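# Got a predicted structure here, sequence first:
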Amino acid sequence: MSMRRLLSVTASLARVVPAARTVSSRLSPAVRCLPLAARPSAVQTAIGRFGSAAPLSTSAAAAAARTEPPPPPASDSEGKKAIELDLSAVHSKRRVQRKRAVVKNDTETRQQPSAEEDMEVVAYSTAEEYNLESLMEGLREQNLYHPSAMSEDVHDVLHVAARYTLGAEPREIYLFREGTVVFWNVPELERRSVLEFIRQFQEGSYDQETVEEESDSMPYSYTEVFNKTRLVNGRILLNMEGSTDLEKYAFSNAMALSVKLGIWESALERYIDSIRFVTDELKKGGRISMKKEEVLKKNGELFGLRHLINLSSDCLDTPDFYWDKDNLESLYQKTCNHLNIAKRTRVMNEKLNHCVELADMLTTNLADQHHVRLEWMIIALIMVEVGFEVIHFLERYT
C-alpha cells in the first residue's frame, strides 16, 4: 500500500517538474510495460540519469508542496532516493546574481550636491585682444550690466554683473584683455547676444566656427561642506559664505587660458595642413614649389605662434597675481591640471619644434637654389668672356 502511495506522489511531481516530464518521455516502452510492483526501480534509475538535466524553480516546488500530501516516512529506501534525486534538481539551479548597488557614504554625498543644483560656467576666446576701456563705456551705455570692483592687483580684466536678475544666483561675466570671455550662470541666448555686442570692441577676430569648437564649460554649484571653495572631479564647488569674486576669477583665469590655448592648437593644425604637401613632394623626390616670399610668410606664422604660446601667455608659469595667495593659486593650478594645460603646451611645443625643422629645411633648400642660380650666372659670364677672347684672337691672327 505504501509503495502505491509513493508512486502516486512521484506521478504528481512528474506533472509539475519539467525534469520528470523529460524522464517520462525518455522511458522505454519495456519499462512502461513492467508490472506495478517493479516500476519504482525503473523510475529511480531514470530520475538518477536525467533528473538533474532540467532544474526546477523554487515557486513550482512550493506549489507542489502545497497541493500534494507530505511524503510517507522513509520506510522504503528506493522511494526516498528517488525523492532526494528530484529535490537535488531543485537545488542545482544557479542563482541569478544581482548588480550590487553603489552606496556612497555621507561625506561624499554632502560634498557633491545633486546635478539639479548645478549651474554652468562657459568660456570663449573670440579675438586676439579686447579694448577694455571702450568696452566698459559701451556696457555703461547699454545699461544692462554694471562693473564690479576687483582687487587692486588684478589687471587686464573687466568683471561685470547683470542688473536684472533671474534668480538667486547672479549672472556674471569676466572679460580678459587677451580676447577671452567667461560667463557664469548666463543662458545661451544671452551669451550669444553679449558675444555679438563685444565684436565691435575686439581686434583680430577669430573665425566663429573655431570659437564655438574651442569653447569650454564646467558645472558649478555651492556647498556648505568644510566652508571652502574647491574643485572636485571637474566640478566647481563654491563657498556659500562671503564673496566668491576672487575664487571665480581664479577659475575664470584658468579656463580663459585653456580656450586661448585651444585657439592656438587649431591654428597650429591649420598650419600643419598647409605645409603637408612639402613632405609629400619630398617623398616623391620632386622639386618643392614654394617661393621665397611664401617660405618667409610660413616662417613668420610659425614663430609668431611660438612667441604667443611661450612668451606672451601664462602657459609655462603661474601669473604673479597668485604669488602671495596660496588658496587662489591652488584653485588656479588644480583647474589648469584638470584642463591639461601643461600637457597640451608640451605637445604643442613638440609639434612646433618639428615645424621649425621643416621650415629650416625649406629655407636651406631655397638658399641652395639661389646659390646654384648664382653659379650658373657666373659660368655664363665666364663663357661670354671666353667667347669675346676667341673673337679677338681670331681677328688678330687672321
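Now that the structure is in, tell me what you want to look at. As the structure is a computational prediction, the values presented were derived from the model and not from experiment. Numbering: from 1, shown residues only.
# ok, what's across the strand from the closest residue to residue 263 other than its chain neighbours?
Leaving aside its chain neighbours, residue 263 sits nearest to residue 125 (4.8 Å; criterion: C-beta to C-beta, 6 or more residues apart in numbering). For the C-beta atoms, the positions are set from N, CA and C on the backbone; glycine is no exception. Here residue 125 sits in beta bridges with residue 180, going by DSSP bridges.
# ok, now residue 238?
residue 222.
# What separation is there between it and residue 343?
27 Å (C-beta to C-beta, to the nearest Å).
# cool, and residue 159?
For residue 159, the distance to residue 343 - C-beta to C-beta - is 29 Å.
# More neighbours: which of the two?
Neighbour totals were compared for residue 159 and residue 343, and residue 159 leads with 20 against 10 (other C-beta atoms under 10 Å).
# Wait, that one touches residue 145, no?
No. Taking C-beta atoms under 8 Å as the definition, residue 159 is not a contact partner of residue 145, at 9.9 Å.
# so what sits against both of those two?
Common contacts of residue 159 and residue 145 (C-beta atoms under 8 Å, 6 or more residues apart in numbering): residue 173.
# mind checking how far whichever strand or helix holds residue 357 is from the chain centre?
Per DSSP states H and E, residue 357 falls inside helix 341-397. For helix 341-397, the separation from the chain centroid amounts to 48 Å (computed by C-alpha atoms, centre = their mean, to the nearest Å).
# Check which helices and strands it is in contact with.
helix 245-274, helix 276-284, helix 292-310 (3 or more C-beta pairs under 8 Å, 6 or more residues apart in numbering; DSSP states H and E).
# Contacts only, for the residue nearest the centre of the chain.
Centroid check for the chain by C-alpha atoms, centre = their mean gives residue 339 as the closest residue, at 10.5 Å. The neighbourhood of residue 339, defined by C-beta under 8 Å, 6+ apart, consists of 216, 254-255, 258.
# will you turn those residues into TSV that also has distance to residue 304 and neighbour count?
As requested, the contacts of residue 339 are exported to TSV (distance: C-beta to C-beta, whole Å; neighbours: other C-beta atoms under 10 Å):
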residue	distance to residue 304	neighbour count
216	24	18
254	24	25
255	24	28
258	21	24
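# farthest-separated two in the residues you listed?
216 and 254 (9.9 Å; C-beta to C-beta).
# Is residue 217 located within a helix, as I assumed?
No. Looking at residue 217 with DSSP: H, G, I helix; E, B strand; the rest coil, it is strand, so not inside a helix.
# which residue packs closest to it, ignoring adjacent ones?
residue 122 (4.5 Å).
# So that neighbour belongs to a strand, correct?
Yes. Judged by three-state DSSP, residue 122 forms part of a strand.
# what's the burial count for it?
Neighbours of residue 122 using other C-beta under 10 Å come to 18.
# re earlier: need the least confident one among the helices and strands packed on helix 341-397, by mean pLDDT.
If you rank the helices and strands packed on helix 341-397 by mean pLDDT, helix 276-284 sits at the bottom with a mean of 82.
# What residues sit buried inside stretch 214-221?
For stretch 214-221, a neighbour-count test (16 or more other C-beta atoms under 10 Å) marks 214-216, 218, 220-221 as buried.
# quick one: which of those residues is nearest residue 285?
residue 214 (38.4 Å).
# pretty sure that closest one is touching residue 263, no?
Yes. If you go by C-beta under 8 Å, residue 214 and residue 263 touch, sitting 5.4 Å apart.
# shared neighbours, these two?
By C-beta under 8 Å, 6+ apart, the residues touching both residue 214 and residue 263 are residue 125.
# Low-confidence ranges, this structure, go.
1-117, 226 (pLDDT under 70).
# Show me it divided up by domain.
2-91, 116-369 (automatic domain parsing).
# who wins for proximity to residue 385 among these?
Using C-beta to C-beta, these put domain 116-369 closest to residue 385, at 25.0 Å.
# For my notes, confirm residue 182 occurs in a strand.
Yes. According to three-state DSSP, residue 182 belongs to a strand.
# Surely it touches residue 257?
No. Taking contacts as C-beta under 8 Å, residue 182 lies outside contact range of residue 257: 10.6 Å.
# of these two, who's got more company?
residue 182 (28 against 25).
# Pull up the gap between that one and residue 198, please.
For residue 182 relative to residue 198 (C-beta to C-beta), the value is 13 Å.
# try residue 276
35 Å.
# More neighbours: which of these two?
Set side by side, residue 276 and residue 198 show more neighbours around residue 198, with 21 against 9, by other C-beta under 10 Å.
# State the distance from the more buried one to residue 330.
For residue 198 relative to residue 330 (C-beta to C-beta), the value is 31 Å.
# got it, and residue 380?
On the measure of C-beta to C-beta, residue 380 and residue 330 end up 71 Å apart.
# and those two? which has more neighbours close in?
Between residue 380 and residue 330, counting by other C-beta under 10 Å, residue 330 is the more crowded of the two (15 against 10).
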